[in-house]
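Colleague: Here is my input; please provide its structure:
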Amino acid sequence: MVSVVGLFFCSSSRCTSRCSSSRTQRTGFRCGPRQQMKFEDHLLRHAVPEWRAKYIDYARLKEEIDKIAGELESSHTKGRRLSLAQSETMLTRPCIVRFLQMIDAEATKVNDFYMEIEASATKRLAQLAIQVTHVQPATSVNIFNIRRILGISNAVSPNARSLSTLRAAFEEFYRLLDMLKVFRDLNYTGFRKIMKKFDKNTGLACSDRVMTVMASRPFKTSAVLQSLITRTEKLYIDRIENGDRQRAMRRLRVPEQRFEHVDWSLMRTGFYLGLFSLAAPIIIVAGLFSGSSVSEQPLAMFRMLRGLLLGPLLAFGVGINTYWWSNYLINYPFIFNLDIRNTLSYKALLEFGGMFLVLWAMGALAFFFHSALGIADTTGPIALIATYLGILLLPFNVLKRDSRRWLVRVVCRGLLAPFFAVSFEDFWMMDQLMSMTVMLLDLQFFVCFLSNGHDATDSICVSMTYGIRPIVSCLPAWCRFWQCMRRYHDTKQAFPHLVNAGKYLAYFPVILSSAFAAVTPGVVSPAFIVWIVAATISTAYSMIWDFTIDWSLFRTGAPHRFLRDKLLFPFQFYYFAIVCNVFCRLTFTLNLSVGFFGVWFSDGVVAILAVIEICRRCIWNMLRLENEQINNMEGYRAFREIPLPFEYLSSVDMAFAEDDDP
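Modeller: So this is what the prediction gives:
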């Protein structure tokens, strides 16, 4: 905390040297409040978002000081050095008494929450101390083991599985202790700074006496936290990492963000976007004017390239989402159950999105200019999808391997929904896949086109007769339906899980009726009428669910009409999101209506609808995680309690582990 104090502390002499009265009158710049505002911003940026309500209410205390200053100014006592008798008289004024009572209430709030978390952490460490007695420490691994490098291994032993679970539990617990330490130090610094501001505005000398009392509070004097940190490090080093302190501390500590004068990640993103912006006009012109002169199957190639573009666009959109979440202090690593030590930042996500856009442009250019390159017209799309899969499944520790593994694991869990417990990241990922229906259909066409000897003129790959495309279109909704059923099975809560399952069940009539309508003669067939009814019900159902459940809007008594009490974004954004969702939900229904592809709208219109749906999904992401963050803040959930691998022993052993230092 010396660095925090040194960074934000500004003495009155330094402020005077930097600010002249003429400059203050000319620019309105006031040095003192500006320096105090810096700490207020620092407190906001470094506070644990889910615990924000338990920190010192620095802004409210500042407002109270301003009120006191106004009262003192009217009585001509502001800024004057007071005698001892005047000080004693001032301390009895109602505004001063009220402020000191507010300080005491804030200190009590901070102290009670700190002691509550500290007691919970003590019990958690006792559980971990018992757990580690049942595993063997990690041993050195042969780095030249080819099977390990390629990810090919025999069945994992129970000890290895338990050790891996305990390692994750210790790392998450150590992060809790670190957050608690920052909570203590930030609050103590906040009290010290607000009392200095109080003394400056009133002429009283209360800060020393108040801070003396504050220093005797248990949240400042308790040595339990440091003991927990020391014991955790010792257990982790000895029992998990087999005495390797350097490796243990590298795993436990969250790496600090390094300051770089040049942000190379953003520079690479700009470079990728520059390349893509140069290639995009060439691709558009080539696609509009080349036609059948480029390929015997230009429409087939367009479908392949269209589907392969939607993935990078969504990745880039999620990168923009991550930037917003970071800017508004939404703890997305915790919501997604990510390891904060290896979490992708918005810069990395934007860089990946830009890189995949450049790869797509290279594949598209390879298709349009395949004659000049001396390759087949399908070489570009095939090489592009092979590159996508190669990067995603690359086993080596490059290109953010941990994040790529997380993505593959979450997608696989979503596809196998009934067989795994469902967490937030699982159903969030399947919701993203719901918006990628066109991509899935284009990939189905890609496989069909290649497996049928490049023969798509007979509409084999787009025909509804065989029922393949409706099944592919139903796949994301099918997975989400079973995720809801699994959550109902685990929680026994009919609402919201069964009601949510009904929302995804309502998509099936839309998809199937559109498929039947496409092969049924007549403009207004019974299948078409069924589609109209099903699409209306499904769209209304989904829209109401978005507004009332996923976003928790339309709450009665909210300060802003149709919204809710707590808002993390500017309120105008919510109205924008509501309007966009109303209009864009229709495009989502049309994306599901696979039977009308090529009947009512061309492949170009399908591409436009798919891009609109990606934009809608990114807006949905913004408010969905914001709502989840507010729920976590209300429950003060800031860390994961990872389930431990072994059953606990007796309560006597538990008490022994709490009392003894391992």
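Colleague: In contact with residue 366, which residues are there?
Modeller: 373, 375, 379-380, 383 (CB atoms under 8 Å, 6 or more residues apart in numbering). Heads up, the C-betas are built off the backbone N, CA and C, glycines and all.
Colleague: likewise residue 446?
Modeller: Residue 446 neighbours (CB under 8 Å, 6+ apart): 303-304, 307, 381, 385.
Colleague: about what we covered before: any chance of the contacts of residue 366 in TSV, plus distance to residue 393, secondary structure and pLDDT?
Modeller: Formatted as TSV, the contacts of residue 366 follow (distance: CB to CB, whole Å; DSSP: H, G, I helix; E, B strand; the rest coil; pLDDT from 0 to 100):
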residue	distance to residue 393	secondary structure	pLDDT
373	27	helix	89
375	24	coil	89
379	21	helix	89
380	21	helix	88
383	16	helix	93
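Colleague: which among the residues you listed end up buried?
Modeller: 380, 383 (16 or more other CB atoms under 10 Å).
Colleague: For my notes, confirm residue 254 occurs in a strand.
Modeller: No - Residue 254: not assigned to a strand; according to DSSP: H, G, I helix; E, B strand; the rest coil it is coil.
Colleague: my guess is it contacts residue 178, does it?
Modeller: Yes - if you go by CB atoms under 8 Å, residue 254 and residue 178 touch, sitting 6.7 Å apart.
Colleague: one step back: from the contacts of residue 446, which is closest to residue 174?
Modeller: residue 385 (41.4 Å; CB to CB).
Colleague: which residue packs closest to that closest one, ignoring adjacent ones?
Modeller: residue 308 (6.3 Å; CB to CB, 6 or more residues apart in numbering).
Colleague: buried residues in the strand or helix carrying that neighbour?
Modeller: Assigned by DSSP states H and E, residue 308 belongs to helix 298-327. Residues 298-322, 324-325 are the ones in helix 298-327 that count as buried (16+ other CB under 10 Å).
Colleague: helices or strands up against that helix?
Modeller: helix 332-335, helix 346-368, helix 379-393, helix 437-451, helix 603-635 (3 or more CB pairs under 8 Å, 6 or more residues apart in numbering; DSSP states H and E).
Colleague: Centroid-nearest residue for the chain?
Modeller: In the chain, the centroid-proximal residue (CA atoms, centre = their mean) is residue 332; its distance is 2.4 Å.
Colleague: And the pLDDT at it?
Modeller: Looking at residue 332, its pLDDT is 92.
Colleague: what sits against it?
Modeller: 322, 325-326, 338, 625.
Colleague: how about 7 Å then?
Modeller: 322, 325, 625 (CB atoms under 7 Å, 6 or more residues apart in numbering).
Colleague: ditto for residue 427
Modeller: Contacts of residue 427 by CB under 7 Å, 6+ apart are 480, 483.
Colleague: Need the nearest residue in space to residue 210, chain neighbours excluded.
Modeller: residue 195 (5.2 Å).
Colleague: these two touch, right, that neighbour and residue 206?
Modeller: Yes - using CB atoms under 7 Å, residue 195 makes contact with residue 206 at a distance of 6.4 Å.
Colleague: Out of the two, name the residue with the larger neighbour count.
Modeller: The neighbour count for residue 195 versus residue 206, taken as other CB atoms under 10 Å, is higher for residue 195 (23 against 19).
Colleague: gap between the nearest residue to residue 387 once chain neighbours are set aside and residue 613?
Modeller: Among residues not flanking residue 387 along the chain, residue 359 sits closest, at 5.7 Å (CB to CB, 6+ apart). According to CB to CB, to the nearest Å, residue 359 and residue 613 sit 22 Å apart.
Colleague: Neighbours of residue 276, how many?
Modeller: Other residues close to residue 276 by other CB under 10 Å number 20.
Colleague: What residues does it make contact with?
Modeller: 354, 357-358, 361.
Colleague: Check the secondary structure at it for me.
Modeller: helix.
Colleague: before we move on, back to that, so which of the helices and strands packed on helix 298-327 is nearest residue 119?
Modeller: helix 603-635 (17.5 Å).
Colleague: And the closest one, what does it pack against?
Modeller: Contact here means 3 or more CB pairs under 7 Å, 6 or more residues apart in numbering; DSSP states H and E; on that basis helix 603-635 packs against helix 298-327, helix 332-335, helix 571-592.
Colleague: Could you dump these into a markdown table and include distance to residue 124?
Modeller: A markdown table is the format used below for these (distance: least, CB to CB, whole Å):
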| stretch | distance to residue 124 |
| --- | --- |
| helix 298-327 | 28 |
| helix 332-335 | 17 |
| helix 571-592 | 38 |
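Colleague: which residues do residue 195 and residue 206 both contact?
Modeller: By CB under 7 Å, 6+ apart, no residue touches both residue 195 and residue 206.
Colleague: which stretch in the helices and strands packed on helix 298-327 is the model least sure about?
Modeller: When I compare these, helix 437-451 is least confident, with a mean of 87.
Colleague: relative to helix 603-635, how tilted is that helix?
Modeller: 130 degrees (axes from the mean of the first three to the mean of the last three CA atoms, to 10 degrees).
Colleague: Pull out the buried residues from helix 437-451.
Modeller: Buried, per 16+ other CB under 10 Å, within helix 437-451: 437-446, 448-449.
Colleague: again, but for stretch 57-66
Modeller: 57-58, 61-62, 64-65.
Colleague: Out of those, list just those in strands.
Modeller: Secondary structure from DSSP state E places none of the buried residues of stretch 57-66 in strands.
Colleague: before we move on, which element is residue 286 in?
Modeller: Counting by DSSP H and E, residue 286 is found in helix 264-289.
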